[in-house]
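quick one, what's the 3D model for this:
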Amino acid sequence: MTLFWILALLTVPAALTVVLHRNPVYSALALVFTLFQVAIMFVALDAYLIAFLQVIVYAGAIVVLILFAIMLLSLEPEEPSEERSLLRAWGWGLAALLILELGTVAAVHRPTPAIAGPEGFGTVAYVAERLFSTHLLSFELTSILLLVAVVGAVVLARRRA
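Purely as a prediction, here's the structure:
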């Protein structure tokens, strides 16, 4: 439990940096750090395969893709407007409300003792068995969705060139 709180104290500021930093490159680097912290939490749960996939897929591939998109867009700084100031005020208000709500829930509820996961939890065999039996339809629909997204991106890229 102590390891979780240490990781939480490191992860939450990194996640806030992802959202609040103005420089998108620094936000992407904070995202990498956040994803590594989440992978360490999976290791603490003895889910080594999920931790490995977290690092390879998310911290590796997705963040690199985000950085390429940032570089290709060559974003220019925006000029402040009244509408953005209003949205910022709403955002801070909702964030304060969320913090108040989470604090209330944390004060009222006491943590339950940790229970052990099923036999083989986090192993390749366990994940494969669950993925290709119980969640097969979700897995296949996600595959089709990703295929359509890639084909759509190629079609849009060819039209512009």
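
quick one: secondary structure of Pro80?
coil (DSSP: H, G, I helix; E, B strand; the rest coil).

same question for Tyr58.
Following three-state DSSP, Tyr58 is assigned to helix.

I'd assumed Leu35 was in contact with it.
Yes: counting by CB atoms under 8 Å, Tyr58 touches Leu35, with 4.8 Å between them. Heads up, the C-betas are built off the backbone N, CA and C, glycines and all.

who's more crowded, these two?
The neighbour comparison of Tyr58 against Leu35 (other CB atoms under 10 Å) goes to Leu35, with 22 against 17.

surely that one is in contact with Leu53?
No: counting by CB under 8 Å, Leu35 stays clear of Leu53, with 10.9 Å between them.

which non-adjacent residue is nearest the residue positioned nearest the centre of the chain?
In the chain, the C-alpha closest to the average C-alpha coordinate belongs to Leu35, at a distance of 6.7 Å (CA atoms, centre = their mean). Once flanking residues are discounted, Leu35 sits nearest to Ala59: 4.1 Å by CB to CB, 6 or more residues apart in numbering.

my read: that neighbour touches Ala39, true?
Yes: in terms of CB under 8 Å, Ala59 counts as a neighbour of Ala39; the distance is 7.2 Å.

who has more neighbours, those two?
For Ala59 and Ala39, the more surrounded residue by other CB under 10 Å is Ala39, and the numbers stand at 21 against 18.
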